[in-house]
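In: Okay, here's the prediction I keep looking at, along with the sequence it came from:
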Amino acid sequence: MLKRRKSTRSSPPARSRSGTPRHAGTPAPVGEHRPASPPGRKGAKPAPIHDPYAEREATRYERPIASREAIVALLEKHGELMKVEALAQALGLAAAQDFEALTRRLAAMLRDGQLIQNRRGGYGVASKLDLIPGSVIANAEGYGFLRPEEGGEDLYLSPAEMRKVLHGDRVLASVVGVDRRGRRQGAIVEVLERRSPRLVGRVVEENGLVLVTPDDRRLHQDVLITPGKDRGARSGQIVIVEITDQPTAHRGPMGRILAVLGERLTPSLVVEMAIASHDLPREWPAAALRDAANVEPEVSIAEIDGRIDLRAVPLVTIDGADAKDFDDAVHAEPHADGFRLLVAIADVSHYVQPGSAIDAEALNRSTSVYFPGFVVPMLPESLSNGICSLNPKVERLCMVCDMQVDHEGEVTRSKFYPAVMRSHARLTYERVWQALGEKDADARHELGDLMPQLRNLHQLYRLLAKARQKRGAIDFESSEVDFRLGPSGEVVQLGTHERNDAHKLI
């Protein structure tokens, strides 16, 4: 496989022997490998094609192979599909590890829609074959559309074409004409990437067969459950299914039941269905949990070394009353030229190193997903609610933006630095607004020494808002939806929170 370089210093270029293969070119200056002899020409060794991006590849990998651009150029020059063996020969890749790296690169180019591969293993350039990569958008009536990845008009996919795929699949399609409405009509040539194999549906028994009808109406094909893989599910029950055999033009998808969720749509079951339907990763890989367990729950003296010490600065967090983790803290202090504003965020990068198991899983999850009373977090709880949360009265590592704001609301200077802080209070929007806007005596008494700091923040917010208005910026007013849950998790009341200045200053 391709092995990443540990430094940017490149090795001296290898020298090639002259020769005239079928796809000859000038020798590549960097990352060149001695080619194998082509079949039928004993002793002749073709020179690798010229790769204009060889130097770039050499800085990335210890054993670089041809760049994607060079592979595309070779296939375009050849003018017909080539198998991996022919590509390796033309590129001068003889070593087993280089051949493996080439197969991996070709697989990535297939996945990204740059190449197409036929059933005999031949590779070609997708754009030169007039093929369009895109995502399948299904309609509950059975037909669908291909949404091109490069933009432009969607392709209509007939119900016959849609039998080969499911909503969310990435495919390559060709334009085969127009339908009676004048829309471009497509035909699916290859499936590049299948959607998540898991889905939620309801069991239906027909003529001794067990089928699952997907809950998502865009998944218009029932899943046939393989005999013996039904986990004892009965007709009418809600289940999680994994597709094991993808649909074809001649039959629908086949799969196995992973879990029986139940029969009644309870609040907790609705959450389970949503998680399963969208294939949200709820379980943590063992390696990520090991990484999280190795993180110390408290900041050490060694970690503080070299950071700006802000522990005495009265930074505070302001969030909703139901927030569990606190990502940012603020502090403002007036001076003759305006305000000094500090915005601190938790230094997650100190604990989640690039390439670690936690980093890979966070990339996979992309974000935390919030449900009423429940969250699927992006990081393990010991990090997201612990050492990476700016909890009150404890030391935390942070990254800070330190700004000078003048009396016109313009930022005149700014700098960024790593620091250590100690949040002086965990405040809520509601309580802050009661003290600032409603002038509630109890709220002001409760916040006590923090009131001058909050007044500074509010005054600075109004300066910044005035500057925004002067620039012609648009303020979009919206209400925050609030779900009130009953003892068993059901939504008993739905309300809204109007955004006030406490929300806006953050």
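Out: Great, that's in hand. Numbering: from 1, shown residues only.

In: who's in contact with the nearest residue to G338 once chain neighbours are set aside?
Out: The spatially closest residue to G338, leaving aside those adjacent along the chain, is D406, at 4.2 Å (CB to CB, 6 or more residues apart in numbering). For every residue, glycine as well, the C-beta is placed using N, CA and C. Neighbour list for D406: 337-338, 412 [criterion: CB atoms under 8 Å, 6 or more residues apart in numbering].

In: tell me the contacts of the residue nearest to H167 when sequence neighbours are not counted?
Out: Spatially, and ignoring its direct neighbours in sequence, H167 is nearest to A138 (3.6 Å; CB to CB, 6+ apart). Contacts for A138 were tallied using CB under 8 Å, 6+ apart; they are 144, 162, 166-167, 218-220.

In: Which member of those is positioned nearest L155?
Out: Nearest to L155 among the contacts of A138, counting by CB to CB, is G144 at 9.3 Å.

In: just to revisit the earlier point, look up phi and psi at the residue nearest to H167.
Out: Backbone torsions for A138, taken as degrees, to the nearest 10, come to phi -90, psi 150.

In: and it, bridged to which residues?
Out: G144 (DSSP bridges).

In: same check, this time on L211
Out: V204, L224.

In: Following the chain onward from the longest helix belonging to the chain, which element is next?
Out: The single longest helix within the chain, with elements called by DSSP state H, is helix 451-471. The helix or strand immediately downstream of helix 451-471 is strand 479-485, counting by DSSP states H and E.

In: Listing partners with orientation, what would you give for that next one?
Out: Counting by DSSP bridges, strand 479-485 is paired with strand 491-498 (antiparallel).

In: If you count neighbours, what's buried in the strand it pairs with?
Out: Residues of strand 491-498 classed as buried by neighbour count (16 or more other CB atoms under 10 Å): none.

In: Off-centre distance for it?
Out: Between the centre of strand 491-498 and the centre of its chain there are 30 Å (CA atoms, centre = their mean, to the nearest Å).

In: Just the buried ones from the contacts of A138?
Out: 144, 162, 166-167, 219-220.

In: Next one: the residue nearest the centre of the chain from R163, what distance?
Out: By CA atoms, centre = their mean, the chain has its centre lying nearest to S366, at 4.1 Å. Per CB to CB, to the nearest Å, S366 is found 31 Å from R163.

In: just H220 next, same as before
Out: In terms of CB to CB, H220 sits 9 Å off from R163.

In: Now for those two: what residues contact both?
Out: Counting by CB under 8 Å, 6+ apart, nothing touches both H220 and R163.

In: Test my guess that A160 contacts A249.
Out: Yes: with contact defined as CB atoms under 8 Å, A160 counts as touching A249 (7.3 Å).

In: hang on, S389 is in a strand, isn't it?
Out: No: per DSSP: H, G, I helix; E, B strand; the rest coil, S389 lies outside any strand segment and is coil.

In: Can you name the residues that contact the nearest residue to it once chain neighbours are set aside?
Out: Once flanking residues are discounted, S389 sits nearest to D325: 4.2 Å by CB to CB, 6+ apart. Contact analysis of D325 by CB under 8 Å, 6+ apart lists 384-385, 388-389.

In: The same query, at a cut-off of 6 Å, please.
Out: 384-385, 389 (CB atoms under 6 Å, 6 or more residues apart in numbering).

In: Go ahead and list the helix or strand containing it.
Out: Using DSSP H and E, D325 falls outside every helix and strand.

In: how many neighbours does the residue lying closest to E446 once chain neighbours are set aside have?
Out: Residue nearest to E446 in three dimensions, not counting chain neighbours: R431, with 7.1 Å by CB to CB, 6+ apart. Per other CB atoms under 10 Å, the neighbour tally for R431 reads 19.

In: can you check D154 too?
Out: 15.

In: cool, and V432?
Out: 24.

In: For it, which non-adjacent residue is closest in space?
Out: A502 (4.2 Å).

In: Quick check: the one you found touching T428?
Out: No: using CB atoms under 6 Å, A502 is not in contact with T428; the gap is 8.4 Å.

In: Looking at those two now, which is surrounded by more residues?
Out: A502 (23 against 16).

In: Where does the more buried one fall, secondary structure wise?
Out: A502 belongs to helix 501-505, assigned by DSSP H and E.

In: which secondary structure elements does that helix contact?
Out: helix 429-436 (3 or more CB pairs under 6 Å, 6 or more residues apart in numbering; DSSP states H and E).

In: distance between the helix it packs on and the chain's centre?
Out: 36 Å.

In: Going by neighbour count, list what's buried in the helix or strand just after that helix.
Out: Note on helix 429-436: by DSSP H and E, the next helix or strand toward the C-terminus is helix 441-447. Neighbour counts over helix 441-447 (16+ other CB under 10 Å) mark 443-444, 447 as buried.

In: Save those as CSV, and put in distance to R396 and pLDDT too.
Out: Output for the buried residues of helix 441-447, formatted as CSV (distance: CB to CB, whole Å; pLDDT from 0 to 100):
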residue, distance to R396, pLDDT
A443, 26, 86
R444, 27, 88
L447, 21, 88
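
In: and which of the residues you listed is nearest to R311?
Out: L447 (20.5 Å).

In: so what's the closest one closest to, chain neighbours aside?
Out: A435 (5.2 Å).

In: residue ranges of the strands in the stretch 151-300 of the chain, please?
Out: 155-157, 170-178, 184-193, 198-206, 209-214, 223-225, 238-245, 254-262 (DSSP state E, counting those that start in this stretch).

In: Out of these, the one nearest N118 is which?
Out: Using CB to CB, the nearest of the strands of the stretch 151-300 of the chain to N118 is strand 184-193, at 8.3 Å.

In: what sits up against that closest one?
Out: Contacts of strand 184-193 (CB under 6 Å, 6+ apart): 111, 113, 116, 131, 146, 155-157, 161, 164, 169-179.

In: before we move on, what about stretch 333-352?
Out: Outside stretch 333-352, the residues that reach it (CB under 6 Å, 6+ apart) are 295, 315, 327-332, 358-359, 388, 390, 397-403, 405-407, 421, 456, 460.

In: what's the first-to-last distance across it?
Out: 32 Å (CA to CA, to the nearest Å).

In: Quick one, grab the pLDDT at the residue nearest to V432.
Out: Here, the pLDDT recorded for A502 equals 83.

In: mind listing what it touches?
Out: A502 touches 429, 432-433, counting by CB under 6 Å, 6+ apart.

In: Same check on G236?
Out: Neighbours of G236 in contact, by CB under 6 Å, 6+ apart: E263.

In: how about the helices in the chain?
Out: 54-60, 68-78, 84-91, 96-111, 159-162, 267-277, 286-293, 301-304, 357-365, 381-382, 429-436, 441-447, 451-471, 501-505.

In: closest to G122 out of those helices?
Out: Per CB to CB, nearest to G122 of the helices of the chain: helix 84-91, 8.8 Å.

In: how about that closest one: buried residues?
Out: In helix 84-91, counting by 16+ other CB under 10 Å, buried: 84, 86-91.

In: what's the average pLDDT for that helix?
Out: 91.

In: which helices and strands does that helix pack with?
Out: helix 96-111.

In: Now the helix it packs on: buried residues?
Out: For helix 96-111, by 16+ other CB under 10 Å, it's 98-99, 101-102, 105-106, 109-110.

In: Find the nearest non-adjacent residue to R194, please.
Out: Nearest non-adjacent residue to R194 (CB to CB, 6+ apart): D169, at 5.6 Å.

In: just checking, the one you found touches S196?
Out: No: the criterion here is CB under 6 Å, and D169 misses it with S196 at 10.3 Å.

In: Between the two, tell me which one has more neighbours.
Out: Using other CB under 10 Å, the more surrounded residue of D169 and S196 is D169, with 21 against 14.

In: Local confidence estimate at the more buried one?
Out: On the pLDDT scale, D169 gets 93.

In: can you tell me how far R468 sits from A54?
Out: In terms of CB to CB, R468 sits 49 Å off from A54.
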